[in-house]
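Engineer: can't give you the sequence, but here's the structure:
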């Protein structure tokens, strides 16, 4: 597990490699976007959509807005409170 700065760099590197490899990757057997959803569901893999990510984002922002800081810090504003457990993230995004 790394720091945020490290994981951002790792993500950039991974995406860079994917973009470099994109022309050599095998073609999808079924290029219909619904096919990936069907495959994930067939395999029992819980996922979220862009709409679901927006739900999670709004939920985290709401948690931050509702946060009451400890005595003396009650004026501190939190942009968000991150939901960390994957299961909870999925539940919120799909709920």
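Structural biologist: Yep, it's here. This is a predicted model, so every value here is computed, not measured.
Engineer: List the buried residues for whatever helix or strand residue 56 lives in?
Structural biologist: Assigned by DSSP states H and E, residue 56 falls within helix 50-66. Across helix 50-66, burial judged by 16 or more other Cβ atoms under 10 Å covers 52, 55-56, 59-60. For glycine as for every other residue, the C-beta is placed from the backbone atoms N, C-alpha and C.
Engineer: Now the element after it, going C-ward?
Structural biologist: Past helix 50-66, the next helix or strand by DSSP H and E is helix 86-94.
Engineer: For residue 88, give its distance to residue 29.
Structural biologist: As judged by Cβ to Cβ, to the nearest Å, residue 88 and residue 29 stand 34 Å apart.
Engineer: Compare neighbour counts for those two and give me the winner.
Structural biologist: In terms of neighbours (other Cβ atoms under 10 Å), residue 88 is the more surrounded of residue 88 and residue 29; the figures are 12 against 7.
Engineer: what's the following helix or strand after the worst-scoring helix or strand of the chain on mean pLDDT?
Structural biologist: Across the helices and strands of the chain, mean pLDDT, DSSP states H and E gives its lowest value to helix 4-21, namely a mean of 86. Downstream of helix 4-21, the next assigned helix or strand under DSSP H and E is helix 33-42.
Engineer: neighbouring contacts of that following helix?
Structural biologist: By Cβ atoms under 8 Å, 6 or more residues apart in numbering, the surrounding residues in contact with helix 33-42 are 28-29, 47.
Engineer: Could you do stretch 79-95 as well?
Structural biologist: The contact list for stretch 79-95, computed with Cβ under 8 Å, 6+ apart, reads 46-49, 52-53, 55-57, 59-61, 63-64, 67.
Engineer: just those residues: which has the poorest pLDDT?
Structural biologist: Lowest pLDDT among the contacts of stretch 79-95: residue 67, with 81.
Engineer: how close does that residue get to residue 85?
Structural biologist: Taking Cβ to Cβ, one finds residue 67 at 18 Å from residue 85.
Engineer: Looking at those two, which is more packed in?
Structural biologist: A count of neighbours by other Cβ under 10 Å puts residue 67 above the other of residue 67 and residue 85, at 14 against 8.
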